[in-house]
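*Asks:* coords please:
(one chain, ligands or ions: 1)
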Amino acid sequence: MNNIRIAIDGPSGAGKSTLARSLAAKLGILYVDTGAIYRTIGYQIYTQGLDPKDAAAVDGELPRIQVEAVHGDDGLQHMILNGRDVTQEIRLPEISLYASAVSAHPSVRAYLLDMQRQLARTQSVIMDGRDIGTVVLPDAEVKIFLTASPEVRARRRMLELEQRGTPEPYDQVLAEIQKRDWDDSHRAISPLRQAEDAVRLDTTDLDFQESEEALMRIIRERTGL
Ligand code: DC
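*Replies:* As a prediction, the model looks like this:
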């Protein structure tokens with residue numbers, strides 16, 4: 001069987017990572033979280049005290065950054081930044097906006113493009129992000145655009161933050177989601193948008209299991225997996 005590539009794109013908080021991780025485990029294929037890769041760059045810029053919007057500052061930092069995504073037998077994607085495991089740190093809420101800001105620089109996207117393609121070259125993958133179906137894997141066998149209303153995504157994100165022990169008020173979470181939606185879909189390079197050949201799934205009124213079943217149906221229809 002040839003490698004199967006499943007691209008899942010969509011705005012933050014649509015449930016991409018949780019769903020993709022679970023589907024990958026069920027299908028026995030690799031899950032690649034590309035947001036984590038951008039977060040790792042964002043984390044470096046944050047720890048260096050640099051302005052993530054300053055293209056020259058970010059460009060100057062790139063040669064000093066070595067990023068690796070290591071997929072362990074535990075199914076987790078560990079992010080290694082200059083030899084240090086930063087898998088936990090990149091999930092801090094303040095890193096989300098840093099990741100979004102650095103991801104708008106063409107140099108950062110070019111720097112990470114080959115790395116993402118390489119991960120899908122030798123094995124079947126489910127890869128989630130913002131531009132997987134449009135730019136990273138334009139020939140993916142399955143493309144899904146996963147979305148939900150901003151209010152529902154904010155509520156889900158709130159729960160996630162609570163479970164992680166870093167709660168934030170609803171209004172703040174909603175405002176952050178709306179800002180990231182705007183920034184991610186209005187940047188000049190590789191903006192968040194649905195690929196023409198992607199299937200759109202709106203999970204506003206679906207729970208986790210219903211969303212997973214719907215995605216599995218789409219994947220099976222297109223791949224015979
Ligand atoms: O999926 P996430 O929230 O962990 O992603 C963090 C940020 O990284 C997101 O706001 C935009 C950026 N990103 C991107 O530009 N392209 C991707 N393929 C994945 C993430």
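
*Asks:* Just the helices from this protein, written as ranges.
*Replies:* In the chain, the helices defined using DSSP state H lie at 16-27, 34-47, 55-61, 93-102, 106-119, 150-163, 170-186, 208-223.

*Asks:* What is the second one packed up against?
*Replies:* Counting contacts by 3 or more Cβ pairs under 8 Å, 6 or more residues apart in numbering; DSSP states H and E, helix 34-47 is packed against helix 55-61, strand 67-71, strand 77-81, helix 93-102, helix 106-119, strand 125-129. The way it works is simple: take the backbone N, C-alpha and C, and place the C-beta from them, glycine included.

*Asks:* and the ones you listed, which is most packed in?
*Replies:* Burial of the helices and strands packed on helix 34-47 is given as mean neighbour count (mean count of other Cβ atoms under 10 Å); strand 125-129 ranks first at a mean of 28.

*Asks:* Is any residue of that strand near the ligand?
*Replies:* Yes - counting by Cβ under 6 Å from any ligand atom, the ligand is contacted by strand 125-129 at residue 129.

*Asks:* Using a markdown table, lay out the helices and strands packed on helix 34-47 together with mean pLDDT.
*Replies:* A markdown table is the format used below for these (pLDDT from 0 to 100):
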| stretch | mean pLDDT |
| --- | --- |
| helix 55-61 | 97 |
| strand 67-71 | 94 |
| strand 77-81 | 96 |
| helix 93-102 | 92 |
| helix 106-119 | 96 |
| strand 125-129 | 97 |
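
*Asks:* is it possible to export these to a markdown table including distance to residue 194?
*Replies:* Listed next are the helices and strands packed on helix 34-47 as a markdown table, based on distance: least, Cβ to Cβ, whole Å:
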| stretch | distance to residue 194 |
| --- | --- |
| helix 55-61 | 27 |
| strand 67-71 | 25 |
| strand 77-81 | 25 |
| helix 93-102 | 19 |
| helix 106-119 | 19 |
| strand 125-129 | 13 |
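
*Asks:* Next, the contact list for the closest residue to residue 136 other than its chain neighbours, please.
*Replies:* What sits nearest to residue 136 in space, not counting adjacent residues and going by Cβ to Cβ, 6 or more residues apart in numbering, is residue 116, at 4.9 Å. Applying Cβ atoms under 8 Å, 6 or more residues apart in numbering, we find residue 116 in contact with 32, 34, 37, 127, 129, 132, 136.
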